[in-house]
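Build the 3D model from these lines:
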Amino acid sequence: MTEAGPGRWIAPEVPPLVSDEWLEERRRGDLVLVEVDEDPGAYYAGHIPGACTLDWIDDLHHPAQRSFADAQRFGALMTRLGIGNDCHVVLYGDADNVFAASAYWLFRYHGHRRISLLDGGRRWWQLNGRELSEDVPPPRARPPYVVRRQNRHFRATREQMLARYVGAPAGTAVLDCRSCEEYDGKVVEMVDLPIERHRMTGHIPGAVHLSTGQLVDPGTSRLLPVEQLLRLYTDRGVHDGVDVAVYCRVAERSALLWFALHEVLGHPRVRNYDGGWAEYGSLMDVPIER
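Numbers count the residues shown, from 1 in each chain. Model (predicted):
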């Protein structure tokens with residue numbers, strides 16, 4: 001498979017979204033299961049048998065600067081976990097799968113092609129009474145992982161946001177998937193993490209609100225049917241040919257927006273602004289709306 005460019009979408013060689021039934025039939029094969037949670041301790045209280053775990057902050061972010069893991073660190077992490085370049089990785093987690101979706105986006109950004117997200121994550125797996133285990137599997141021995149190419153058109157930088165998306169000029173759409181209170185500038189996130197300190201409140205001019213929670217069934221954490229997802233996006237100006245940027249605070253919630261629009265609905269031009277409001281809200285001399 002040749003990776004799609006910024007204006008061209010090619011169907012993945014494995015299904016991007018898989019059901020619990022699909023996984024139950026195949027998990028004893030050569031799949032690599034990876035759990036990524038908001039609460040890192042959830043994994044050790046019981047996980048899908050055979051799954052390993054990633055810490056969203058410690059493993060997937062750079063330790064000395066505010067950014068996701070670069071190619072070198074990502075490759076070293078995959079090697080440590082025993083994940084090869086051609087492995088089919090299935091990600092899942094808690095919190096409506098937003099942290100697992102963020103990991104999915106990072107895998108795709110670093111060019112991993114065989115990657116899927118478990119629909120409904122931990123919650124749906126447990127609601128169906130499926131097996132859990134506390135055993136931590138040892139990593140499989142594989143050749144060192146090498147990031148061969150990156151899909152840079154999956155990411156929006158601050159320069160691209162300022163030059164292309166602020167104000168949502170014709171042919172673009174900006175989606176803010178934070179809470180209504182965050183979008184309106186009425187609340188300041190109080191969690192004091194180094195990756196999300198900011199000062200101003202509000203939203204990027206031209207951004208339309210689409211909360212991540214609107215994409216999932218509140219009782220099961222599963223993504224809504226395709227027809228309903230499509231309506232959520234088209235109601236906010238996302239049509240064929242529109243160049244889309246999505247953001248939240250630190251690219252965990254926005255990754256699920258990116259996943260639903262790019263991977264499930266097949267919209268070819270979607271960038272995840274991984275700097276998010278934590279970056280934009282602390283920049284000097286940039287426009288902000290409330």
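
contacts, neighbours, all on C-alpha from now
Noted.

Show me how this protein divides into domains.
Here the domain parsing of the chain from automatic domain parsing is 17-150, 153-280.

Give the residue spans of the chain that score low on pLDDT.
Scanning the chain for pLDDT under 70 picks out the ranges 1-12, 188-198.

Name the residues of the strand or helix carrying residue 74 that come out as buried.
Following DSSP states H and E, one finds residue 74 within helix 71-81. Neighbour-count burial for helix 71-81 flags 71, 73-75, 77-79, 81 (criterion: 16 or more other Cα atoms under 10 Å).

following that helix, which helix or strand shows up next?
Next along from helix 71-81, by DSSP H and E: strand 89-92.

residue contacts, residue 102?
Listed by Cα atoms under 8 Å, 6 or more residues apart in numbering, the contact set of residue 102 reads 251-256.

could you redo the last one with a cut-off of 6 Å?
252, 255 (Cα atoms under 6 Å, 6 or more residues apart in numbering).

and it, what element?
Judged by DSSP H and E, residue 102 forms part of helix 98-109.

so how far is that helix from its chain's centroid?
In terms of Cα atoms, centre = their mean, to the nearest Å, the centre of helix 98-109 is set 4 Å apart from its chain centre.

Also stretch 267-282?
How far stretch 267-282 lies from its chain's middle: 12 Å, per Cα atoms, centre = their mean.

Likewise for stretch 247-254?
Centroid separation for stretch 247-254 versus its chain: 8 Å, with Cα atoms, centre = their mean.

Residues touching it, excluding its own?
Residues contacting stretch 247-254 (Cα under 6 Å, 6+ apart): 98-99, 102, 176-178, 246, 273-274, 276-278.

CSV please, covering these and showing distance to residue 46 and secondary structure.
As requested, the contacts of stretch 247-254 are exported to CSV (distance: Cα to Cα, whole Å; DSSP: H, G, I helix; E, B strand; the rest coil):
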residue, distance to residue 46, secondary structure
98, 19, helix
99, 18, helix
102, 22, helix
176, 33, strand
177, 30, coil
178, 29, coil
246, 33, strand
273, 33, strand
274, 30, coil
276, 32, helix
277, 33, helix
278, 32, helix
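
Reformat these as a markdown table; add distance to residue 87.
Shown next, in a markdown table, are these (distance: Cα to Cα, whole Å):
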| residue | distance to residue 87 |
| --- | --- |
| 98 | 22 |
| 99 | 20 |
| 102 | 19 |
| 176 | 33 |
| 177 | 31 |
| 178 | 33 |
| 246 | 28 |
| 273 | 27 |
| 274 | 25 |
| 276 | 30 |
| 277 | 34 |
| 278 | 33 |
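
Which single one of those residues is nearest to residue 86?
residue 102 (20.1 Å; Cα to Cα).

ok so, going back, the helix holding residue 74 versus helix 98-109: what angle between them?
110 degrees (axes from the mean of the first three to the mean of the last three Cα atoms, to 10 degrees).

could I get helix 71-81 in PDB with only the CA atoms?
Output of helix 71-81 as PDB, limited to C-alpha atoms (Å, rounded to 0.1, in the frame of the first residue of the first chain):
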ATOM      1  CA  ALA A  71      10.900   9.000  15.300                       C
ATOM      2  CA  GLN A  72      13.900   7.900  17.300                       C
ATOM      3  CA  ARG A  73      12.000   7.600  20.600                       C
ATOM      4  CA  PHE A  74       9.000   6.000  18.900                       C
ATOM      5  CA  GLY A  75      11.200   3.400  17.200                       C
ATOM      6  CA  ALA A  76      12.900   2.600  20.500                       C
ATOM      7  CA  LEU A  77       9.600   2.300  22.300                       C
ATOM      8  CA  MET A  78       8.300  -0.200  19.700                       C
ATOM      9  CA  THR A  79      11.500  -2.200  19.900                       C
ATOM     10  CA  ARG A  80      11.100  -2.400  23.700                       C
ATOM     11  CA  LEU A  81       7.500  -3.600  23.400                       C
END
